[in-house]
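Asker: give me the fold of what follows.
(chains A and B)
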Amino acid sequence: MSKIPPIFYALGIPVVVIVILLAVVLPRLAGGGRFADLSAFSVDGYRKDWATMQGNIYRLDCQIEQQLSFVEGKGRILAVKPTETARGAGRISVFVPLNGGNNFEVGQRYKFKVRVSRDLLVVEELEKF
Amino acid sequence: MKHLFNILFISALTVAGFAQAEPPKAATTSGDYKSSTVEGGADRLFDVNSDSVDMENGSMQWKGKTFNLGNSRLMRARFERYLQTPQTSDDVQKYIKILDKIEKLLAPNAITQANYYTNQQEAFNLLFEAAQYEMDANNSLTVASQVKKIWTMRAEFRDLNITKNQLEALRKLQEGVVVNRAQKIEEANDDTTAGSTNKLKKTSQGTTELGYRVKDESRTQAEILAKSAEMTALGLKAQVEFQSQMVGFLLQRRYRHCIITSAFYRVLFKGANQNIKVGAKEVKEFFPVSDFVPTLESLDTLAREAMNDVNLGMKTVDDLHKQGEVYASFERLQETYFLGEYEPVVMTFDAVKKREMLDLWRDLRELQRIGDERDLANVEGYVNKVKGRAKDFPGTSILSKVNNAINASNMAVLSAKQGALSGDTAKAESALERAGKIWPQNPQIKEFATQVVNRQDKMGQMIPEFDRLVSESKWRDIFNKKLEFALALSSDKGRSDKLRQIVNRVGELDANIQKASVLATQNNPYLAWDVLVEASKTESDDLVLAKTRSDIAPLVADYARLIALAEKFEKEGAEAAALNAWLQAQDINPASPACGEAIKRLARIVAGGSNVRATSEVPVPPLTPATTEEVPVPPAR
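Answerer: Numbering: from 1, shown residues only, chains lettered A, B, ... in the order given. Alright, predicted model coming up:
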């Protein structure tokens, strides 16, 4: 019976751990997270011509600025500021339907999966980061 | 109103009596010129209340006694004539010396038994010498005539005395005859009684003769009494005539002649006749003592006191003139003139100064005339003219009162206008009458009268014009003619109320425009734009507002574009897009209340209706900023 040398374990285990960590963390650091497969939302494009974006789903990384309105049984309108300004800066509004127990605080960062519903951005899924 | 009339009355009187030295007594009818020179004497024998010249009544007060100087017009004319008269060529000093010499010749210390007649004669002769001077005005001749008359009366008195003595002698003789005849009759009666045997003897012999003798003696006695009465009357007449002349001179203010007449009187009449019989009442008025007995010395004192006052007054005139106080000098000259116009020192006053005073007098008279006519607009000009001649003229108080009167008149016209506007005709008439009384030539009265006349004509034109502008919503045009409309529509309550609303509305708009302009100048164009956008919601057609917006729009192009976009989206039903545009605008102008309000409103709408959005309706996408250079303006409502 061949005996595995101890050095193999000493080097192999850390390498495996690092590989696993890289596999999990890197996609997050790269901005993708849960919605890494979605296209990043373009604020400028939305403002310029939101009609052509209707029905599309995007990933929006943003920071909560203000809750503009809340309607019981329906949801809330939040003013958010994109964290990535390459595709446009400034605040925009998003609608968060009342389908979860999420608490939104000013300054929190989220990754939103948004759908352009006519002129409105509706948040379908979200992830704090 | 009464108060206003009082103010007017006082003002008018003040203007009319502008020459008054002191203003405290507003409605003075006497005491125009107070004499500080006279009042200044602390060692006065008399109780001096005040000396003054009253031009209105033509009188002058001196030591509480009023001298009547004739009516006011003549009095003014006399003073003006004095100022116009050239300086007399007489040698004043020589004239005064002659009069002084007469006085000295008749003085009590100069008259003795030896020179009693010669001094009188010498003084009498000097009177003719004095009469040759122009300034004497032949009054010395009057004195001479009076003296001569006394001398003649004295001769008559002597003749009467002789006749009386002769009659007395005759009466004594007649008395002796009567006694003698009476004794004879008594003796005859005794004889008859003793020898009663001879009954045929006549017992009443001589009775008839006695009767005639008694009658003769009585006649002589009566003649003596008549002569005595005639002598008494003659003496009294002489005294009365002389004293009349003396008092006459005093009241005419010919003081030197009064003193000379008094001196002659003292010499011509005995000590028992030295009391004043004529003019005692007038003389007593100068002395406020109840049991005062006027004498010749009283007259002397008064005359000398007046002469001293005149001399002092003229010295003051010169002194004030030297100090440049021409108006005060003029006042003193006037009062001194009326106290002693015949005094040499007054008559020989410097001609150049008199000319200067004459010019001042004429300007003062003109100013008074203007005041009398209440020509208030021209008072200031004349006050300045007088002040140019006399810097000490108290013009400021006059101008102040004139200005008060002008203001009062203008206020009354304003009140009349208000009355007319409110339809209160009685009030308007009363106020207009009041304004006219205060200042008859007030130009605002004429203007108001013209307005009233034109108002009726205008009413017919203005009402249709007002209705047309209202129907066309031309509020600014109405606002610009608000005063004309207010006058024309004053009696139409409905239209007046409408006018008031329009004026308030445009006034508020102007205030907002002004506010926006101020904000823009304070480097805050975004808030200015907010104000204008808000104003535009109600006054979209106003040209002034539109111009102000176009002035500010270049400064806020991006902001204005976003607001316009937001409003457009909202109008098209794209509330979420509108909300985003508003958010973008708020990023530019965080303090904007308009943005805040719009965001709040739209967020509520979007949150409330988000689940019913139809994806089939695709609104028209907005124009990109690059496609147009024109700055969008919020649409008018």
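Asker: which residues touch whichever residue of the stretch 351-500 of chain B sits closest to chain A?
Answerer: Residue of the stretch 351-500 of chain B nearest chain A, by Cβ to the nearest Cβ: B:Ser473 (35.8 Å). Bear in mind the C-beta positions are built from the backbone N, C-alpha and C, glycine included. Under the criterion of Cβ atoms under 8 Å, 6 or more residues apart in numbering or on different chains, the neighbours of B:Ser473 are B:Asp541.
Asker: SS state for it?
Answerer: coil (DSSP: H, G, I helix; E, B strand; the rest coil).
Asker: so what does it have for phi and psi?
Answerer: phi 60, psi 30 (degrees, to the nearest 10).
Asker: how far away is A:Ala36 from chain B?
Answerer: Distance of A:Ala36 to chain B, given as Cβ to the nearest Cβ, to the nearest Å: 26 Å.
Asker: got the residues of chain A near chain B?
Answerer: Contact residues (Cβ under 8 Å from any Cβ of the partner chain) of chain A with chain B: A:46-52, A:54-55, A:68-71, A:74-77, A:79, A:90-93, A:95, A:97, A:117-122.
Asker: put the buried members of those into a PyMOL selection.
Answerer: Per 16 or more other Cβ atoms under 10 Å in any protein chain shown, the buried members of the residues of chain A next to chain B correspond to this PyMOL selection:
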select buried, chain A and resi 46+47+48+50+54+68+69+70+71+74+75+76+77+79+90+91+92+93+95+117+118+119+120+121+122
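Asker: give me the most central residue, chain A.
Answerer: Of all residues in chain A, the one closest to the mean position by Cα atoms, centre = their mean is A:Lys111, 1.8 Å from it.
Asker: A:Phe129 is in contact with that one, correct?
Answerer: Yes. If you go by Cβ atoms under 8 Å, A:Lys111 and A:Phe129 touch, sitting 5.6 Å apart.
Asker: any idea which helix or strand carries B:Ile96?
Answerer: helix B:92-106 (DSSP states H and E).
Asker: list the buried residues in that helix.
Answerer: B:Tyr95, B:Ile96, B:Ile98, B:Leu99, B:Ile102, B:Glu103, B:Leu105, B:Leu106.
Asker: ok, the closest residue to the fourth one other than its chain neighbours - contacts?
Answerer: Right, B:Leu99. Excluding its sequence neighbours, the residue lying closest to B:Leu99 (Cβ to Cβ, 6 or more residues apart in numbering or on different chains) is B:Arg256, at 5.2 Å. Counting by Cβ under 8 Å, 6+ apart, B:Arg256 touches B:Leu99, B:Ala303, B:Met307, B:Glu343.
Asker: if you set the cut-off to 10 Å instead, what comes out?
Answerer: B:95-96, B:99-100, B:102-103, B:130, B:136, B:139-140, B:249, B:303-304, B:307, B:340, B:342-344 (Cβ atoms under 10 Å, 6 or more residues apart in numbering or on different chains).
Asker: go on, B:Tyr559?
Answerer: With Cβ under 10 Å, 6+ apart, B:Tyr559 has these contacts: B:525-526, B:529-530, B:553, B:584-589, B:592, B:595, B:631.
Asker: what comes up buried for the regular element (helix or strand) spanning it?
Answerer: For B:Tyr559, the element it lies in under DSSP H and E is helix B:557-572. Going by neighbour count (16+ other Cβ under 10 Å), the buried part of helix B:557-572 is B:Tyr559, B:Ala560, B:Arg561, B:Leu562, B:Ile563, B:Ala564, B:Leu565, B:Ala566, B:Glu567, B:Lys568, B:Phe569, B:Glu570.
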